[in-house]
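Participant: show me how the following folds:
(2 chains)
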Amino acid sequence: MRRRRPQRGELNRRHRRRTDEHLALAVPPAPPERSRSPRSITTNVSHLANFEIAKTLAAFADLLEIAGENVHRSRAFRRAAETIRSHPESIAALRAENLLTTLPGVGAGIAVALEELVDTGSFTSLDQLAARYPLSLLDVLQIPGLGAKSVRRVFEELQVSDLDRLETAARTGKLATIRGLGPNVTASVLDSIAAIRRRSMLHRLGTVLPLAESVRESIQRQMPEAMVDLAGSVRRMEPLVTGIDLVIGHHDITRAVSAIRDLPDTARTINVEASSIRMLLQSGVELIALMVAPEHYGTELIHATGSAAHLAQLGDLPLANTEHDVYQRLGLPFIPPEVRSGGEELTRARAGDLDRLLTIDDLRGEFHCHSTWSDGSASIATMADAAAVRGYDFLAISDHSHGLGIAGGLDTTRLADQRREIDAVNQSSRLTVLAAAEVEVDRTGNLDFDDNTLSQLDIVVASLHVGLRQPRDQLTNRLISILENSHVDIVAHPSGRLLNQREGGDFDWDRVFAVAAKTGTALEINANPARLDLDPSLARQALDAGCVLSINCDAHRPEDFALMRYGVAMARKAWARPDQIVNCWPYARTSEWVADHRRR
DNA sequence: ATCCGCACGGATAAGTAGGACAGCCTACT
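Facilitator: This is a model prediction of the structure:
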């Protein structure tokens, strides 16, 4: 068995720019505008929020890397940044109590930097380094294909210190004169700059929803008699969300305001109006709470939930205290927030389609997860137990194949060893453990295992992890050849996107879905909040084309099975019915389906 | 720079292929 590896909390190690989106909020009063986050790394000295401190440490770590200094020092700062980013209490408060070194990864050196940072808004070694390498280089470092070495080189040789100058250097052809950067890189740099400029400052749903729920519960605990609900993009379960929107139905606005101010992880108040309050949390997520009269609660909640397009379709809303009543008076059944997109939900609601929407209870198992045999952190038995606790009937263990070396992928020998362990676990397990693999598709479209090996697996999941930036035709043909391989049952995270971090591949989805529908190969909705791939709009297209889908958490730890709710939300947004999701079927039907398309 | 096992010095997450270039850098979970 491979040695256990430390888990990386976040896939992205570089700081990201954030932008904002206007929020469709309720009727009177007009909602406060969300402002842009400060562009500079450090801001207002005395009230630095944890996310700002974390961002500064991470920026320093990146500058160290660009400067070519000790990599371990850089990693130490990056590790400390991660700790602080997810730390629930205020770091500024910890500093006041001289407890900084109690944070894991914060020793004497980083503590000194932190003290200075909290007290003055910066620290000496950062200032010195930033004098040599401007902070705007960190934007350049975000460009895929440009690592620390290349960033330093373009800075020193071409004086490229920010994205604008990078763009100029690329357009004038100067960039291609740098060692290691040819015409290909130049072309993709221009695309990436455009993508980064388009990139939003939205947060991942998986980051915000748990926070939002804990805020909601905390306020509900303080005001048990109030109605408190999440609203906005979080309630609609958008893959990327603006922040936390909360509606509080209570007559005593003063109490509601103080309940919010007393929340444990707030960093600062942004503004307070007659019936709304806007706060910044330590995590950098904004909270907007709207205090409304209980008699109009339902109407206000629908308004605050949006979407704007859904509201436009509804027209004028009657005043009522529950959402159900509002919809009823409009002659509609209750419309779940996930499908309030301003698409076909009214038509579908009238046609009775809402009753057929998938729910989390429809899931009977999963086909894509990992164990310590590759890059998972738990044994097969532990993963199986966790799946059984969720009430699943089956779980396919799909560890990586050897092509993905970085994840400790299995060769055929270890795959056979693993099969024996799966068989053994099955003897005592409460659910059926299936032998599967997440088989790597290489750049030319070949799978890691031969047909004979594949045919012995209960489920074959195929994934593209490399070469996702190939041109459209090449990429599409590569995926289609995998769909046409009769041994492949499921294609995992088809687009390869990482939300807020990496665009998905440029596939011709019409062609892909047409082939998948014909071959009966399932496409995945990956429930990991970093992916949520297929996106609901693509999943919807796939279903319309006649494809079947599979929703999987891609769990690397037992806790990851809890991510299923995100996958289910995406499927609901795509109007998926249980009969279109292969892991909602009884396993007997699934194995028929597998046998069926393998017979082709 | 931090942590750990020991009291100062060694380890820190891994391994490979591809692109552009001629030995280096980056991306991938």
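Participant: how much space between A:Leu163 and A:Leu141?
Facilitator: Between A:Leu163 and A:Leu141 the computed distance is 11 Å (C-beta to C-beta, to the nearest Å). The C-beta positions use only the backbone N, C-alpha and C, and glycine is treated the same way.
Participant: which bits of the stretch 401-550 of chain A sit near DNA strand B?
Facilitator: Proximity of the stretch 401-550 of chain A to DNA strand B (C-beta under 7 Å from any atom of the strand) is limited to residues A:404-408, A:442-443, A:465-468, A:496, A:498, A:502.
Participant: let's go with 10 Å and repeat that
Facilitator: Applying C-beta under 10 Å from any atom of the strand, we find that the stretch 401-550 of chain A lies next to DNA strand B at A:402-409, A:438, A:440, A:442-444, A:446, A:463-470, A:474, A:492-493, A:496-498, A:501-503, A:505, A:528, A:530-531, A:533.
Participant: narrow those residues to just the buried residues.
Facilitator: A:402-404, A:407-409, A:438, A:440, A:463-465, A:467-470, A:492-493, A:496-498, A:501-503, A:505, A:528, A:530-531, A:533 (16 or more other C-beta atoms under 10 Å).
Participant: what's the local residue count around the closest residue to A:His296 other than its chain neighbours?
Facilitator: Spatial nearest neighbour of A:His296, chain neighbours left out: A:Leu319 (5.0 Å); criterion: C-beta to C-beta, 6 or more residues apart in numbering. By the criterion of other C-beta atoms under 10 Å, A:Leu319 has 15 neighbours.
Participant: got a pLDDT number for A:Leu319?
Facilitator: We have a pLDDT of 97 for A:Leu319.
Participant: what of the one 5 residues further on?
Facilitator: pLDDT, A:His324: 98.
Participant: likewise the one 10 residues further on?
Facilitator: At A:Phe334 the predicted local distance difference test score is 97.
Participant: give me every residue that touches it.
Facilitator: A:323-324, A:327, A:354 (C-beta atoms under 8 Å, 6 or more residues apart in numbering).
Participant: roughly how far does it sit from A:Leu534?
Facilitator: 27 Å.
Participant: next, A:Glu440: phi, psi?
Facilitator: Main-chain torsions, A:Glu440, degrees, to the nearest 10: phi -70, psi 140.
Participant: likewise A:Ile459?
Facilitator: phi -140, psi 130.
Participant: contact partners for the residue positioned nearest the centre of chain A?
Facilitator: Centroid-nearest residue in chain A: A:Ala530, 2.4 Å away (criterion: C-alpha atoms, centre = their mean). For A:Ala530, the contacting residues are A:11, A:204, A:206, A:498-499, A:501, by C-beta under 8 Å, 6+ apart.
Participant: equivalent analysis for A:Leu211, please.
Facilitator: A:244, A:265, A:281, A:283, A:285.
Participant: and the pLDDT at the nearest residue to the fourth one once chain neighbours are set aside?
Facilitator: Just to be clear, that refers to A:Ser283. Spatial nearest neighbour of A:Ser283, chain neighbours left out: A:Phe51 (5.5 Å); criterion: C-beta to C-beta, 6+ apart. pLDDT, A:Phe51: 92.
Participant: tell me if the helix or strand hosting A:Phe51 is near DNA strand B.
Facilitator: For A:Phe51, the host element (DSSP states H and E) is helix A:50-67. Yes - using C-beta under 10 Å from any atom of the strand, helix A:50-67 reaches DNA strand B at A:60-61, A:64-66.
Participant: tell me how far the helix or strand following that helix is from the chain's mean position?
Facilitator: Heading C-terminal from helix A:50-67, the first helix or strand you meet, by DSSP H and E, is helix A:71-85. Offset of helix A:71-85 from its chain centre (C-alpha atoms, centre = their mean, to the nearest Å): 22 Å.
Participant: okay, A:Arg502: pLDDT?
Facilitator: pLDDT at A:Arg502 comes out at 86.
Participant: for beta bridges, what are the partners of it?
Facilitator: Counting by DSSP bridges, A:Arg502 is bridged to A:Leu498.
Participant: just the strands from the stretch 301-450 of chain A, written as ranges.
Facilitator: With DSSP state E, counting those that start in this stretch applied, the stretch 301-450 of chain A shows strands at A:365-366, A:394-400, A:432-440, listed in chain order.
Participant: just put those strands in JSON lines and tack on distance to A:Glu484.
Facilitator: Output for these, formatted as JSON lines (distance: least, C-beta to C-beta, whole Å):
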{"stretch": "strand A:365-366", "distance to A:Glu484": "25"}
{"stretch": "strand A:394-400", "distance to A:Glu484": "20"}
{"stretch": "strand A:432-440", "distance to A:Glu484": "15"}
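Participant: quick one: contacts for A:Cys584?
Facilitator: Counted by C-beta under 8 Å, 6+ apart, A:Cys584 has contacts A:358, A:362-364, A:578.
Participant: please report phi then psi for it.
Facilitator: phi -100, psi -10.
Participant: what's the distance between it and A:Ala545?
Facilitator: From A:Cys584 to A:Ala545 the distance is 19 Å (C-beta to C-beta).
Participant: can you confirm whether the least confident helix or strand in chain A by mean pLDDT lies near DNA strand B?
Facilitator: Least confident element among the helices and strands of chain A, by mean pLDDT, DSSP states H and E: helix A:183-198 (a mean of 82). Yes - residues of helix A:183-198 contacting DNA strand B under C-beta under 10 Å from any atom of the strand: A:183-188, A:192.
Participant: now that helix: how far from the chain's centre is it?
Facilitator: Worked out by C-alpha atoms, centre = their mean, helix A:183-198 lies 23 Å from the chain centre.
Participant: what of stretch A:108-116?
Facilitator: Using C-alpha atoms, centre = their mean, the offset of stretch A:108-116 from its chain centre is 31 Å.
Participant: can you list contacts of that stretch?
Facilitator: Residues contacting stretch A:108-116 (C-beta under 8 Å, 6+ apart): A:53, A:57, A:60, A:76-77, A:80, A:91, A:95, A:100-101, A:106, A:122-126.
Participant: mind checking the pLDDT average for it?
Facilitator: 93.
Participant: buried set for that stretch?
Facilitator: Under 16+ other C-beta under 10 Å, the buried positions of stretch A:108-116 are A:110-111, A:113-114, A:116.
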